[in-house]
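1. Here is my input, please return the structure:
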Amino acid sequence: MEKPWKCEDYGKGFKGLYGLEKHQRSHTGERPFTCSQCEKGFTNISNLRRHERVHTGERPFTCPQCVKKFNDIGNLRKHERVHTGERPFTCSQCEKRFNDIGNLRKHERVHTGERPFTCSQCEKGFTNISNLWRHERVHTGERPFTCFQCEKRFNDIGNLRQHERVHTGERPFTCFQCEKRFNDIGNLRKHERVHTGERPFTCSQCEKGFTDISSLRKHERVHTGERPFTCTVCDKGFAQLSSLLKHYVTHTKNGPFKCSDCWRGFKSSPLLMSHQRVHTEERPFSCSHCTKRFRTSSNLMKHERGHTGESPFTSPTGKRFTRSSLAEPQCHSHQ
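-> Prediction:
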């Protein structure tokens, strides 16, 4: 088919003038079509119409199999492959298959190491533009995606869609081996490894394998002694969130001193006052070496050791440690 309209930069041909003009905006950066609600600019009218559905919530395209609705025909086509299992796009390096050309392009950068999208604030690089946009909201605090049922806001459309399934009870992702259903594609992938035995996430210290990255991160704390979950009442640290939640009961169970914000009970007035700073964001304890402030005196003391180099914990052999250098008891080797 003849394509008489040529791009002067690359020589690419188009059937009509509109196609050429649309293409040339990829060179000029021009975005003449603007959203009336958020002023975001687009290179063509169809992308603007698609974007406007983010604000209106309109989803005119319906899956004939599960009646799920989409705001874009391309997203519907991609979704239909969840039902068919079709993965027509193949990586030329590792032969991994994908149900979407965009996911293939994204995956190929794993092999090339390419990160062409860079944050203007911290210069962190990303393999795709959507990850960059999501990251930029960390700096701006923007949460443009709102749940129409509970008005909770999200910084990413994927997180909103996943949240909406809490209200609808929808579980659109099905395991082909046992037909168990999931509300998130990541949970389905994790579950499939139960059948395959695959453990792709490996500990660099002991080579133990795990089915998902969160289990690996949890395990790595056995080696590092890291305790990232801290009690807001007594500053005790825990390696796992579940352990912290169990610990909270020791402070709140039958406590007569009630927090007026969350009605949690505490055994003493000082514990209640310490807890209330979580709500007020008060930080009355100041570091004498720098301008940093803390909610509790123990957190201040912990921080000041970074300035002084003090080692507050002494072993039976006389060796001294900081809290961060202490590992889980079960990880200590016995000689």
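
2. now the helices for the stretch 201-335 of the chain?
-> For the stretch 201-335 of the chain, applying DSSP state H, counting those that start in this stretch gives helices covering 213-224, 241-252, 269-280, 297-308.

3. Those helices into TSV, with extra columns for mean pLDDT and mean neighbour count?
-> Yep, even glycine has a C-beta here, placed from its N, CA and C like the rest. Compiled in TSV, those are given as follows (pLDDT from 0 to 100; neighbours: other CB atoms under 10 Å):
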stretch	mean pLDDT	mean neighbour count
helix 213-224	89	15
helix 241-252	77	14
helix 269-280	80	16
helix 297-308	80	14
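
4. Okay, buried residues for stretch 131-145 please.
-> 131-132, 134-136, 144-145 (16 or more other CB atoms under 10 Å).

5. likewise stretch 89-101?
-> So, applying 16+ other CB under 10 Å, buried residues of stretch 89-101: 89, 98-100.

6. In strands, which of those appear?
-> 89, 98 (DSSP state E).

7. Make TSV out of the buried residues of stretch 89-101 and add distance to Thr291 and pLDDT.
-> Below are those laid out as TSV (distance: CB to CB, whole Å; pLDDT from 0 to 100):
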residue	distance to Thr291	pLDDT
Phe89	52	91
Phe98	49	90
Asn99	51	87
Asp100	48	86
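
8. which one of the buried residues of stretch 89-101 is nearest His83?
-> Asn99 (10.7 Å; CB to CB).

9. Which residue is the nearest non-sequential neighbour of the closest one?
-> Arg81 (3.9 Å; CB to CB, 6 or more residues apart in numbering).

10. Tell me how many other residues surround the one you found.
-> Neighbour count for Arg81, taken as other CB atoms under 10 Å: 14.

11. try Ile157
-> Neighbours of Ile157 (other CB under 10 Å): 14.

12. if I look at it, how far off is His135?
-> Using CB to CB, to the nearest Å, Ile157 is found at 14 Å from His135.

13. isn't Asp33 right up against Asn44?
-> One thing to correct before we go on: residue 33 is Phe, not Asp. Yes. Between Phe33 and Asn44 there is a contact under CB atoms under 8 Å: 6.5 Å.

14. and the closest residue to His83 other than its chain neighbours, helix, strand or coil?
-> Spatial nearest neighbour of His83, excluding adjacent residues (CB to CB, 6+ apart): Gln65 at 4.9 Å. Of the three states, Gln65 takes coil according to DSSP: H, G, I helix; E, B strand; the rest coil.

15. So Gln65 sits against Arg81, correct?
-> No. Contact status for Gln65 versus Arg81: not in contact, 11.3 Å apart, counting by CB under 8 Å.

16. picking that back up, any chance of JSON lines for the buried residues of stretch 89-101, columns distance to Ser274?
-> Listed next are these as JSON lines, based on distance: CB to CB, whole Å:
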{"residue": "Phe89", "distance to Ser274": "55"}
{"residue": "Phe98", "distance to Ser274": "51"}
{"residue": "Asn99", "distance to Ser274": "51"}
{"residue": "Asp100", "distance to Ser274": "50"}
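
17. Lys152 contacts Thr146, doesn't it?
-> Yes. At 7.4 Å, Lys152 counts as touching Thr146 under the criterion of CB under 8 Å.

18. Residues in a beta bridge with Arg97, which ones?
-> Thr90 (DSSP bridges).

19. In contact with it, which residues are there?
-> 87-91 (CB atoms under 8 Å, 6 or more residues apart in numbering).

20. for the residues you listed, which one is nearest His303?
-> Nearest member of the contacts of Arg97 to His303, counting by CB to CB, is Cys91, at 47.0 Å.

21. what are the phi and psi values for that closest one?
-> Per-residue torsions, Cys91: phi -70, psi 130 (degrees, to the nearest 10).

22. Pull out the buried positions in stretch 225-243.
-> The neighbour-count check on stretch 225-243 (16+ other CB under 10 Å) flags 225, 227, 229-233, 235, 237-239 as buried.

23. same thing with stretch 112-126?
-> 117, 126.

24. ditto for stretch 156-166
-> For stretch 156-166, by 16+ other CB under 10 Å, it's 156, 160-164.
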